[in-house]
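**Q** Quick check, what structure comes out for this input:
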Amino acid sequence: MRILIVAAAVAAFGGAVATSAQQPAAAPTDKPFVAGPPLTLTPNAKVYGGFRFSESISYDAERDLYVAVNAGMPQDVVPNDGYVSLVNPDGTAHTLKWIGVNRNGLTLNHPLGSHIANGMLYVADIDVIRWFDMKTGEPRGSVPVQGATRINDIEVAKDGTIYATQTATPNSGVYRISPQGQTTVFASGAPINLPNGITFDAKGNIVVVNIGSADVLTFSPDGKLLATEQSTHAGNDGIVVLADGTKYVSSVREGFVSRIRPGQKAEVIASGIPSAASMTYDSKRNRLVIPMNDWNAIAIVDLNQPAGSQ
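**A** Below you'll find the model as predicted:
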């Protein structure tokens, strides 16, 4: 299995370390939102990445780009520092700061999980879900997640229902936010054990992976536990489910990626990927694209090649 790791150059964003004395300017309301421009490079120049704690990544099939959500600097150092990068499939930077080139009309504090749905990029930002126009990058709305303190990953249905995980205690569990903005607890308690990654399968069921166990849990939309499978490792973060039911799971703590074919035991298909977080599937190239948190990089796992090949 070929693994390509694309590292970021923090200096691309002015890599000086901020101090707690630095405070960003308040997001002005009298200036229009501006999206960052794509890079225009001569043919002999390439720029790779530009990440700052990218915890999730989504594949934009319409533009054939990877959308990397970056938490930015810690909140106690520089509040409201999150941003979104667009990455070409070869790993080069398309737009270093698509959302976040400035803070005009923008609040994006410390984003983690993300999902593209209904023409919007949905992002989990501490205890709020925000969404942005996929064509313009402009903020389009937000909803607080009642009872949550730090949302980790999210998935959004066609009708606008949002499913969100909170990994840390207290209030660890899976939340459901209705299109009208009402929050309810979708799942909590065993076998939920520090839930992290969340996605849908082809039937519209909700699939959740735990950090606290190797369980891969499938729930019906009404909250009934339908199936429990086992990944090869615990400490899981990313979950991808293909149309045929094959599941891919990344362990953020152990650095492994496993595959669970329907009715079969899980098998390792990639390893040596530190902090393998909330990944996406590139259907055009049959690959997994995995952000690596504080490694400030992404890993690309080519599923067309068997494990161990170069």
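**Q** C-alpha only now, for contacts and for neighbours.
**A** Will do.
**Q** Could you say whether the spatially most central residue of the chain sits in a helix, a strand or coil?
**A** The centroid of the chain falls nearest to Ser56 when counting by CA atoms, centre = their mean (2.0 Å). Here Ser56 is recorded as strand under DSSP: H, G, I helix; E, B strand; the rest coil.
**Q** which residues in the stretch 51-200 of the chain form strands?
**A** For the stretch 51-200 of the chain, applying DSSP state E, counting those that start in this stretch gives strands covering 54-60, 65-70, 83-87, 93-99, 111-117, 120-125, 128-133, 139-144, 154-156, 162-166, 173-177, 183-187, 195-200.
**Q** got a markdown table for those, with mean pLDDT and distance to Ser278 too?
**A** Below are those laid out as a markdown table (pLDDT from 0 to 100; distance: least, CA to CA, whole Å):
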| stretch | mean pLDDT | distance to Ser278 |
| --- | --- | --- |
| strand 54-60 | 97 | 5 |
| strand 65-70 | 97 | 10 |
| strand 83-87 | 96 | 15 |
| strand 93-99 | 95 | 19 |
| strand 111-117 | 97 | 7 |
| strand 120-125 | 98 | 12 |
| strand 128-133 | 98 | 17 |
| strand 139-144 | 97 | 21 |
| strand 154-156 | 98 | 10 |
| strand 162-166 | 98 | 12 |
| strand 173-177 | 98 | 16 |
| strand 183-187 | 97 | 20 |
| strand 195-200 | 98 | 7 |
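**Q** out of the ones you listed, which comes closest to Asn293?
**A** Of all the strands of the stretch 51-200 of the chain, it is strand 54-60 that lies closest to Asn293, at 5.0 Å by CA to CA.
**Q** List the contacts of that closest one.
**A** 65-71, 112-116, 277-282, 289-294, 296-297 (CA atoms under 8 Å, 6 or more residues apart in numbering).
**Q** ok, now stretch 123-135?
**A** Taking CA under 8 Å, 6+ apart as the rule, stretch 123-135 contacts 108-115, 119-122, 138-146, 148-154.
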